[in-house]
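Trainee: One predicted model, sequence on top.
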Amino acid sequence: MTSTQELDIASDKFSWKPALAATGYFVLLLGVTQALRAVIYQLLFRLLPRMGVARTEIFWDAISIAAMLLTGVILLIILQPRAARLGLNWSAASRKERLITLAGGALLGVMAAINIALDPSQAIVVLHGCVITPLFEELIFRGWGWGRIDAVLPARWRGWGTLALVTILFGLWHLGYFDVVGLRMAAHPENSAPLGLILGMKVVIGLAVGLLTGLARRSSRSVYGSLVIHALWNLFGR
C-alpha cells in the first residue's frame, strides 16, 4: 500500500471529536431555539389578551407566527450565517433542480390561492403553515444544521449519515412544541386527546416530513426543494 493510499484511508476514518462537537452544538442550538420561541409565545399569549386581543382561532396562528419570526431574527443576529450556509445558494443549484423547485412553488402558490379564495379566514393559517413554519424549520435543519454536520463527517458518511441524524433530530424537535399543544388543549378540552399521544404523533409526522425534505436536500445543493416539500405537506396535511 502506498503512502497516498494510507493517507486516503486515514482521512476517511470517522473522526468522533469534530462530529460529536458539531452535533452537540446543533442540539444545544435547537434547545435554546425552542426555549426562546416558547418564552416569546408565552409572553404573547398572556400579554395580548390584556391589550384587548381576543383568543380566536386566528390568535393561535398569529402568536405562533410572531414567535417564530422573532426567534428567527434573533438567531440571524447572533449567528450571522451566510446565505450559502443556510442552503440558500440558488446559483449553485442545477437547471433541473431549479425547474423542479419553480414548478413545485407554482403548484403551492396556486393551491394556496385557491384555498384562501374558498375560505378567506384561512389566509393566516396558510401563511403560518406554508410560509413561516417551513422557512423557520428548514433553514435551521436542512440549512444551517445540515451544512454544519455534513461538513465534519467523512466522505462515506456524508449525505445519508447527515440525512439520518438531521431527520431524527427533526422528529424529536417537535416535542418542543408541547407548550403550544398544551395551551390549545386547555382552550378546547372537549376535543383534546392525551398530550403524550399528540406529541408522539407530531414526532412521527416530523420524521416523515424530515425524511422527505432530507431526501430533497441530499440530492440538491440548496434548501429550496425542502422548503417547497415542507410547505406542500403542511398545505395538504392540515
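Mentor: That came through, no problem. Keep in mind the model is a prediction, meaning the values are calculated, not measured.

Trainee: CA atoms for contacts and neighbours, from now on please.
Mentor: Fine.

Trainee: tell me which residues in stretch 81-94 are buried?
Mentor: Within stretch 81-94, the residues that count as buried by 16 or more other C-alpha atoms under 10 Å are 84-88, 93.

Trainee: Identify, from those residues, the entry nearest to Q122.
Mentor: L88 (28.4 Å; C-alpha to C-alpha).

Trainee: Isn't the closest one up against S222?
Mentor: Yes: with contact defined as C-alpha atoms under 8 Å, L88 reaches S222; the gap is 5.8 Å.

Trainee: Identify the contacts common to these two.
Mentor: G143 (C-alpha atoms under 8 Å, 6 or more residues apart in numbering).

Trainee: Find the residue at the geometric middle of the chain.
Mentor: E137 (1.9 Å; C-alpha atoms, centre = their mean).

Trainee: State the distance from that one to G145.
Mentor: Per C-alpha to C-alpha, to the nearest Å, E137 is found 10 Å from G145.

Trainee: One more: W157?
Mentor: For W157 relative to G145 (C-alpha to C-alpha), the value is 16 Å.

Trainee: And for L235?
Mentor: 25 Å.

Trainee: Looking at these two, which is more packed in?
Mentor: G145 (25 against 20; other C-alpha atoms under 10 Å).

Trainee: Thought F26 was touching that one, still the case?
Mentor: Yes: counting by C-alpha under 8 Å, G145 touches F26, with 6.4 Å between them.

Trainee: Report the contact partners of L207.
Mentor: Neighbours of L207 in contact, by C-alpha under 8 Å, 6+ apart: 167-168, 170-171.

Trainee: Now it, what are its backbone angles?
Mentor: L207 has phi and psi values of phi -60, psi -40 when expressed as degrees, to the nearest 10.

Trainee: how far away is L118 from S91?
Mentor: 36 Å.

Trainee: And L76, by the same measure?
Mentor: 22 Å.
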